[in-house]
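J.: My questions are about this predicted structure, shown below with the sequence.
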Amino acid sequence: MANNAYGIDLGTNNIKIYDRNDDNIHVEKNMIAIENKNTLFAYGDSAFEMYEKAPGNIHISYPLSNGVIADIKNMETLVRYFITDLQKGNLKPADFYIAVPTDVTEVEKRAFYDLIKDANVKAKKIMVVEKAVADGLGLDIDVKNSQGVLVVNVGYETTEISILSLGGIVLSRLIKVGGMRFDEAIRAAVRREFSLIIGGKTAELVKINLKELEAENKCAVVYGRDIVTGLPVEREIPTKLVDECLEEHFNTIVDNVRVILERTPPELAADIYRHGIYLTGGASQVNHLSEKLAAGTGLKVNVADSPLNSVCVGLSKIINDDNYKTVAYAIEGMSK
Ligand SMILES: Nc1ncnc2c1ncn2[C@@H]1O[C@H](COP(=O)(O)OP(=O)(O)OP(=O)(O)O)[C@@H](O)[C@H]1O
Ligand SMILES: [Mg+2]
């Protein structure tokens, strides 16, 4: 029987784990709730459920920041709990494939490897895969043979823009724009225009529902606290206002894609032009981003079928198909 194997895409907002045993991708919020500074109170989706609602003695946080591990101890705890849950409490030896961002320092990259090594999850083998390469495979691109593929992954705190060629990364840039910034922009606009304070989850919901609301010509109905009276109120927010406040962040993404295109070796331009841009990541689904990207670059934009999971789908291919194994590498020697 094949070894147990897991493919992990550690996102700032969501941790996605592919489990070979059930051939499924499991998604949980990458969040931890600690009570009285030292006791684990909740993790994953249930920690997120309490976020912005918990009392002062329960501290809820994301152990990742801007795509890299900021809180090693809590991240190890989360990985151990998630993997133990997937194995129904009985940890067996397994191989791990972990996706890492490219445009970070070697120390930050190695931290992903060390995380699995130190999480006590009985790791037999730990392999690292560049996130954009996994994304490419997950998007069904012939990554090993294509000479010029542009992948844009819009996540929670970061957007990773990468040019792939022949199974490797030619250029990559990680910028600090993503779904969180979109939510913040919505909160700021609602505060400015309606003197209304709304929570992060409300702003996220407005963002996610924007396409549908716009299609139906409806306003977003939100609940929050009036700045002047201090009382809870309901307001109708026009979608146009929300679209406008997101524009600035869309421009940042478009500008950075253009910078990467300008730096791309000309020999790769033909394939990029032919295939267009591959757009993925949870927040890439936000209203009007794909059109803005197409207009700002003159390229066709291919949107992912499963934007949240594309990295993990790629990892599943690497785990299950020996033809793709060469894109994964070990950094064992470096960690010593
Ligand atoms: N339908 C949707 N429309 C717009 N945004 C969405 C939608 N569904 C999810 N999102 C946003 O996607 C983001 C999460 O995406 P994803 O899981 O790819 O991020 P991540 O991998 O955790 O973060 P990062 O890659 O920055 O570390 C959240 O900001 C969420 O609000
Ligand atoms: Mg991500």
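T.: Sure thing, it's come through. Ligands and ions are numbered 1, 2, ... in the order given.
J.: Would you check how far apart residue 326 and residue 98 are?
T.: 17 Å (C-beta to C-beta, to the nearest Å). For the C-beta atoms, the positions are set from N, CA and C on the backbone; glycine is no exception.
J.: So between those two, which is more surrounded?
T.: Shown here are residue 326 and residue 98; by other C-beta atoms under 10 Å, residue 98 has more neighbours (23 against 10).
J.: by contact count, what packs against the helix or strand the more buried one falls within?
T.: Element membership of residue 98 [criterion: DSSP states H and E] is strand 94-100. Strand 94-100 sits against strand 4-10, helix 106-118, strand 123-130, helix 131-138, helix 310-320, with contacts defined as 3 or more C-beta pairs under 8 Å, 6 or more residues apart in numbering; DSSP states H and E.
J.: Check what pLDDT the residue sitting furthest away from the middle of the chain gets.
T.: Distance from the C-alpha centroid of the chain, by C-alpha atoms, centre = their mean, peaks at residue 229 (37.9 Å). For residue 229, the model assigns a pLDDT of 97.
J.: go on, the one 3 residues further on?
T.: Here, the pLDDT recorded for residue 232 equals 97.
J.: Now it, what are its backbone angles?
T.: Main-chain dihedrals, residue 232, degrees, to the nearest 10: phi -70, psi 130.
J.: Numbering from 7 from now on, please.
T.: From this message on, residue numbering opens at 7, which makes the last subject residue 238.
J.: how far away is it from residue 209?
T.: 16 Å.
J.: Same check on residue 179?
T.: Relative to residue 209, and taking C-beta to C-beta, residue 179 is found at 26 Å.
J.: Please identify which of those two sits among more neighbours.
T.: With neighbours defined as other C-beta under 10 Å, residue 179 and residue 209 compare such that residue 209 has more, 25 against 16.
J.: Quickly list the domain ranges of this protein.
T.: 10-141+316-341, 149-183+252-309, 185-213+225-250 (automatic domain parsing).
J.: just to revisit the earlier point, quick check: phi and psi on the residue farthest from the centre of the chain?
T.: The phi/psi pair for residue 235 (degrees, to the nearest 10) is phi -90, psi -20.
J.: Residue 203 versus that one, what's the distance?
T.: Counting by C-beta to C-beta - residue 235 and residue 203 are separated by 12 Å.
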